[in-house]
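Asks: Sequence below, structure please.
(one chain, ligands or ions: 1)
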Amino acid sequence: MLSAITRFVFIVCLAFIAAYITLANWGVNFAITAGMTVLAIPLAYSYVNLARLRKYAIANAVENMPLPSGFWEEVFFRLQRLVRNLKLEIQSIEKQHNRFIEAFQASPNGIVMLDDQDQIEWCNAIAERFFGLEFKRDVLQRINFLIRRPEFIQYLNKRIFEGPLLLERMGPEGNLSLMVQAFPYGDKRHLLLVQDVTDLQKADAMRRDFVANVSHEMRTPITVLMGFLETIQSLDLDKAQQTQYIELMMSQAQRMKSLVEDLLTLANLEANTLPAPMQAVQVPTIMALLKNDAQALSQGKHAFNFEVLTSASILGEERELLSAFSNLVSNAVRYTPDVGMVSVKWSLNADGQGEFSVTDTGPGIASEHLSRLTERFYRVDRSRSRDTGGTGLGLAIVKHIANRHHAQLQIESSPGKGSTFRLRFPKERISL
Ligand code: ADP
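Replies: Have a look, this model is predicted:
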């Protein structure tokens, strides 16, 4: 291919030759016209090609432009290659950018990118939900105009981000606890990372409550025991008084023992995350044990009705099932006043599910308590529970055992009319 200068020299020479030949034959004017005409041909050709280039550039389709012949072919060919390479480069940058965005969107944490004026440059969907933001609407808005909590504004303004900031009562329903941390990056920009710590906070509060409850439950019998011991030590008691004091001390020690045993049972159940094994447990055998224990606990003060309406067994862990059933029966006996009636039934329902139910004619429970009964140490009547030797952990244990057997605990109760506690076992846990 000839170089541009060679072409130029060639065309100028051509123009001179044409002018010279014309000058010799027709005179000066004709010679100038002939030279100009020869020069005008490549100029017209260039103009036409530039006009085509302009047209394709406006349509943003330079790379689709048909290539002309001659000198402009190379120019257009190189231009098209440049445009194509640039477009490919942009596409790959765009892909990479989209992958980053997708990764940030997939994050379980909220992410907000702030510019040097604390204006929102970008935020992910989680951050939108946490703070009630809408990226398209709020882009380039100052974040402290949108999140107006004084502690947050103070945190941002301080510009020293050593630790995170806890924001409570956040989110669309105002029930989220959010941990916010700002990280400086780039040119005075900041990245806000927002973590939902609601469950962690709840678990922490539950742990604190639990420790406080256990300490409280243990302290009471220990205080009573110490009181009796001091009395025995300092007073000269006769035999009968001593026996009476020792019996009272025994009952306090028994209370502590029950509490520790229930705590250990609960800890073991919580530690075991696997479902209960599938061993066939004969319910009639368990019913016989329950009946004996219930009668011993009642000391003849209640009437009982034990019914086994099916020979079906439960596929589960016998020790746990006995513990759950006996907790329900002992609650019924302990909370039902003398002369009351306790009915215990094992049956299959129409769907083939196994149902173990304990019905009493006791005081019943108001509906507002029902959903909380299985919480550890939750009691409707604190003093009544203690008087009857309750640890406040019985139904929490029942609930755990039910979960491990994929069973449901249902409680029906109305004040003054008595209660029914029912454990419903799925068909897969029943062996006929
Ligand atoms: P507790 O050791 O106090 O009995 P539970 O976890 O077994 O603890 O029961 C929680 C609370 O549920 C009890 O304190 C009591 O108020 C209530 N409750 C349980 N069973 C009955 C029942 N059969 N009748 C009335 N109230 C009951």
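
Asks: Relative to the ligand, how far out is residue 184?
Replies: 52 Å (C-beta to the nearest ligand atom, to the nearest Å). The C-beta positions use only the backbone N, C-alpha and C, and glycine is treated the same way.

Asks: Identify each buried residue in stretch 110-125, please.
Replies: Buried residues in stretch 110-125, counted by 16 or more other C-beta atoms under 10 Å: 110-115, 118-124.

Asks: and that stretch, how far out from the chain's middle?
Replies: Here the centre of stretch 110-125 is set off from its chain's centre by 23 Å, with C-alpha atoms, centre = their mean, to the nearest Å.

Asks: before we move on, back to that, quick one: which of the buried residues of stretch 110-125 is nearest to the ligand?
Replies: Within these, the smallest distance to the ligand is 38.9 Å, found for residue 110 (C-beta to the nearest ligand atom).

Asks: ok, what's across the strand from the closest one?
Replies: residue 194 (DSSP bridges).

Asks: Residue numbering should commence at 135 henceforth.
Replies: Will do, 135 is the new start, and the previous item becomes residue 244.

Asks: Now do it against residue 306, distance only.
Replies: 13 Å (C-beta to C-beta, to the nearest Å).

Asks: what's the overlap in contacts for those two?
Replies: In terms of C-beta atoms under 8 Å, 6 or more residues apart in numbering, residue 244 and residue 306 are both contacted by the residues residue 263.

Asks: Can you name the residues in contact with stretch 277-293?
Replies: 246, 248, 252-254, 265-267, 272, 295, 299, 301, 314, 316, 324, 326.

Asks: actually stretch 500-516, not the one I wrote
Replies: Counting by C-beta under 8 Å, 6+ apart, 344, 347, 351, 400, 499, 519, 524, 526-527, 529-530, 532-533, 543, 545, 547-549 sit against stretch 500-516.

Asks: out of the contacts of stretch 277-293, which are inside strands?
Replies: Per DSSP state E, strands hold the following members of those: 246, 248, 254, 299, 301, 314, 316, 324, 326.

Asks: and the ligand, which of these reach it?
Replies: Among those, no residue is within reach of the ligand (C-beta under 6 Å from any ligand atom).

Asks: got JSON lines for those, with distance to residue 232 too?
Replies: JSON lines is the format used below for the ones in strands among the contacts of stretch 277-293 (distance: C-beta to C-beta, whole Å):
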{"residue": "246", "distance to residue 232": "19"}
{"residue": "248", "distance to residue 232": "22"}
{"residue": "254", "distance to residue 232": "19"}
{"residue": "299", "distance to residue 232": "31"}
{"residue": "301", "distance to residue 232": "31"}
{"residue": "314", "distance to residue 232": "27"}
{"residue": "316", "distance to residue 232": "26"}
{"residue": "324", "distance to residue 232": "23"}
{"residue": "326", "distance to residue 232": "22"}
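
Asks: wait, residue 176 sits on residue 145?
Replies: Yes: between residue 176 and residue 145 there is a contact under C-beta atoms under 8 Å: 5.5 Å.

Asks: Helices of the stretch 185-334 of the chain, start to end?
Replies: 205-240, 259-265, 269-272, 277-280, 284-292, 332-368 (DSSP state H, counting those that start in this stretch).

Asks: who does the second one touch, helix- and strand-wise?
Replies: So that's helix 259-265. strand 244-248, strand 323-330 (3 or more C-beta pairs under 8 Å, 6 or more residues apart in numbering; DSSP states H and E).

Asks: Now do it, average pLDDT.
Replies: For helix 259-265, mean pLDDT is 95.

Asks: and if you look at the fourth one?
Replies: Mean pLDDT, taken over the full extent of helix 277-280, equals 92.

Asks: List the buried residues of that helix.
Replies: 277-278.

Asks: So which of the helices and strands packed on helix 259-265 is nearest residue 456?
Replies: Of all the helices and strands packed on helix 259-265, strand 323-330 sits nearest to residue 456, with 40.7 Å by C-beta to C-beta.

Asks: What residues sit buried inside the closest one?
Replies: So for strand 323-330, counting by 16+ other C-beta under 10 Å, buried means 324-330.

Asks: Please apply the same query to stretch 277-291.
Replies: Quick answer for stretch 277-291 (16+ other C-beta under 10 Å): 277-278, 281, 283, 286, 289-290.

Asks: How about the residues of the chain by the ligand?
Replies: 461, 465-466, 469, 494, 496-497, 499, 507, 512-515, 519, 524-530, 553.

Asks: which among those end up buried?
Replies: 461, 465-466, 469, 494, 496-497, 499, 507, 512-514, 519, 524-530, 553.

Asks: hang on, the earlier thing: from the residues of the chain next to the ligand, which ones fall inside strands?
Replies: 494, 553.
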